[in-house]
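Student: quick one: sequence and predicted model below, then my questions.
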Amino acid sequence: MCWTGTAERTLPTVEVVPEDAPEPQADKSPAARMISADAALRVAKMRGFLGPMWVAMLAAAPTASAASSLAAVVDTRRRIQVIVMLLIVLAALVVIAFVPRPKEPAAAPASQAAAGTTPAVHRHPKARSAPREAVNLGEAEGHLPQTEALPSSSTARFHSQMQSLWEGVVHDESKLAKPSFFPRSAYEQLKAIANAGSDWENRLFAEFTLDIGAAHELIAADPAGAKLLEVRVDGAYAHWVPPGVCANSIGYYEVPNSRVVYEYQGAEHSFGIASMISWRGVWYVVHFGSVLREGSTGVVDEAATGPGTSAYSGTC
């Protein structure tokens with residue numbers, strides 16, 4: 001056998017280390033340890049120093065370290081979740097503790113519970129309360145000058161006044177009937193006497209109050225069952241009363257003996273309005289039960305079954 005070229009034999013290089021040289025410090029970081037282990041494994045496999053079982057164990061070593069780190073992260077997350085759940089439960093307990101609970105209905109008596117029945121509820125009928133006092137337009141208008149306008153009994157204003165009169169009778173309360181009564185302010189202009197306002201208060205309206213009470217006695221057994229049907233005014237009886245008559249300084253219209261017709265206990269009844277006079281084209285009651293009277297008791301003007309009849313009288 002012959003060689004056609006020259007071959008150089010490479011000898012391993014040996015580094016001589018002095019005996020007193022310091023021992024090199026190993027890199028102890030996790031990354032360095034993993035690299036060293038990996039390198040040692042490769043060398044061991046290559047040179048056949050280790051058996052297959054030990055090789056597998058060394059190969060799994062870095063993986064086990066990573067799994068340990070992952071397990072630590074998962075454990076931390078679980079702890080956080082547990083803390084959050086505890087906070088939610090605590091908040092729910094606080095809400096339950098401070099929110100008021102609805103009251104439970106009282107338990108039925110033992111006798112009712114045994115019978116299986118519900119307790120009966122007894123409701124008392126509501127008593128009819130007195131209505132509010134209506135607005136008295138006449139009192140403000142009484143400060144204005146009188147006119148010669150003839151009043152009508154078919155206006156909404158008149159119907160409202162008569163309803164006020166009826167409420168006063170039903171409740172035996174003359175204040176409720178004030179919108180139908182001649183205003184004090186107009187009376188003070190009308191009368192040519194001293195202390196006209198005092199005369200209105202102590203005589204005229206006082207007698208009206210007594211007459212309201214007397215009319216109330218007609219329906220006192222069942223006031224709520226009485227119903228106003230109509231107020232009949234005979235316009236043919238209306239006449240002008242000039243100034244100077246009956247101590248009056250201003251003229252006005254007067255109509256006597258109108259009829260208040262109402263239904264009571266299934267039948268029609270009525271009583272009269274002794275006298276109404278005008279102020280600025282509006283009728284007002286001035287004498288309810290009687291123009292002239294004896295004593296200080298209330299009077300009902302000709303109470304009757306049915307609508308009754310009106311009669312003329314030249315009063316002032």
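Tutor: In hand now; what should we look at?
Student: report the next helix or strand after the least confident helix or strand in the chain by mean pLDDT in sequence order.
Tutor: Least confident element among the helices and strands of the chain, by mean pLDDT, DSSP states H and E: helix 110-115 (a mean of 43). Reading on from helix 110-115 to the C-terminus, the next helix or strand found by DSSP states H and E is helix 137-141.
Student: and the strands in the chain, which stretches?
Tutor: Secondary structure of the chain (DSSP state E): strands at 227-232, 239-241, 252-264, 267-279, 282-287, 301-305.
Student: would you reformat those strands as JSON lines and include distance to His143 and mean pLDDT?
Tutor: (Each C-beta comes from the backbone N, C-alpha and C, glycine too.) Output for the strands of the chain, formatted as JSON lines (distance: least, CB to CB, whole Å; pLDDT from 0 to 100):
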{"stretch": "strand 227-232", "distance to His143": "27", "mean pLDDT": "98"}
{"stretch": "strand 239-241", "distance to His143": "21", "mean pLDDT": "96"}
{"stretch": "strand 252-264", "distance to His143": "16", "mean pLDDT": "98"}
{"stretch": "strand 267-279", "distance to His143": "11", "mean pLDDT": "98"}
{"stretch": "strand 282-287", "distance to His143": "14", "mean pLDDT": "98"}
{"stretch": "strand 301-305", "distance to His143": "30", "mean pLDDT": "97"}
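Student: which one of those strands lies nearest to Leu93?
Tutor: Leu93 lies closest to strand 227-232 among these, at 65.1 Å (CB to CB).
Student: hmm, who's touching the closest one?
Tutor: Contact with strand 227-232 is made by 153, 158, 162-163, 165-166, 258-264, 268, 273, 307, 310, as judged by CB atoms under 8 Å, 6 or more residues apart in numbering.
Student: repeat for stretch 177-189
Tutor: Around stretch 177-189, the neighbours that count as contacts under CB under 8 Å, 6+ apart are 133-143, 146, 160-162, 164-165, 167-169, 174, 196-197, 199-201, 204-205, 208, 212, 249-250, 277, 279, 284-286.
Student: which of the residues you listed are buried? Put it as a ChimeraX command.
Tutor: Of the contacts of stretch 177-189, the buried ones go into a single ChimeraX selection, burial set by 16 or more other CB atoms under 10 Å:
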select :134,136,138,142,146,161,162,164,165,167,168,169,174,196,199,200,204,205,208,212,250,277,279,284,285,286
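Student: I'm done for today, thanks for sticking with me.
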